[in-house]
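Sequence first, predicted model second:
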Amino acid sequence: MTQKLSHKKNDNPIPLLKKGQYNSYRPEDIKQWGVERFLDTVCAKNDIEVPVLGFNDEENSRMDSILKEEVKENDF
């Protein structure tokens, strides 16, 4: 008796990311699902909106200058 292999997406579903939880996938699972299918399923389809954090102009300027220094020091 031979068994037919089906390659339907529903045969091996990819668990979706759960908001507010730590999510991880094993590399062997991603290889089994296929990288392109995995990324199409799990990755955001739209840009991620960064919420307004309430920093004032002085605080934003200070953070920008610190980031520039770190980039310069670490050769990013």
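Structure received.

Longest helix in this protein, please.
If you go by DSSP state H, the chain has its longest helix at helix 57-74.

That one: which residues count as buried?
Residues of helix 57-74 classed as buried: none (neighbour count, 16 or more other CB atoms under 10 Å). (Glycine included, C-beta is placed from N, CA and C.)

i'd like the first residue to be 550 from this point on
That works, and once the first residue is 550, the last one we named lands at helix 606-623.

Dump it to PDB, restricted to CA.
Provided in PDB are the C-alpha atoms of helix 606-623 (Å, rounded to 0.1, in the frame of the first residue of the first chain):
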ATOM      1  CA  ASP A 606      11.900  67.900  21.700                       C
ATOM      2  CA  GLU A 607      14.900  68.100  24.000                       C
ATOM      3  CA  GLU A 608      14.600  64.500  25.000                       C
ATOM      4  CA  ASN A 609      14.300  63.400  21.300                       C
ATOM      5  CA  SER A 610      17.400  65.500  20.400                       C
ATOM      6  CA  ARG A 611      19.400  64.000  23.300                       C
ATOM      7  CA  MET A 612      18.500  60.400  22.200                       C
ATOM      8  CA  ASP A 613      19.400  61.200  18.600                       C
ATOM      9  CA  SER A 614      22.800  62.500  19.600                       C
ATOM     10  CA  ILE A 615      23.500  59.500  21.900                       C
ATOM     11  CA  LEU A 616      22.500  57.100  19.000                       C
ATOM     12  CA  LYS A 617      24.800  59.000  16.600                       C
ATOM     13  CA  GLU A 618      27.700  58.600  19.100                       C
ATOM     14  CA  GLU A 619      27.000  54.900  19.500                       C
ATOM     15  CA  VAL A 620      26.900  54.300  15.800                       C
ATOM     16  CA  LYS A 621      30.200  56.100  15.400                       C
ATOM     17  CA  GLU A 622      31.800  54.200  18.200                       C
ATOM     18  CA  ASN A 623      30.600  50.800  17.100                       C
END
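
what mean pLDDT does it have?
In this model, helix 606-623 has a mean pLDDT of 92.

same thing with stretch 564-583?
88.

So for that stretch, first residue to last residue, what's the gap.
One end of stretch 564-583 to the other measures 14 Å (CA to CA, to the nearest Å).
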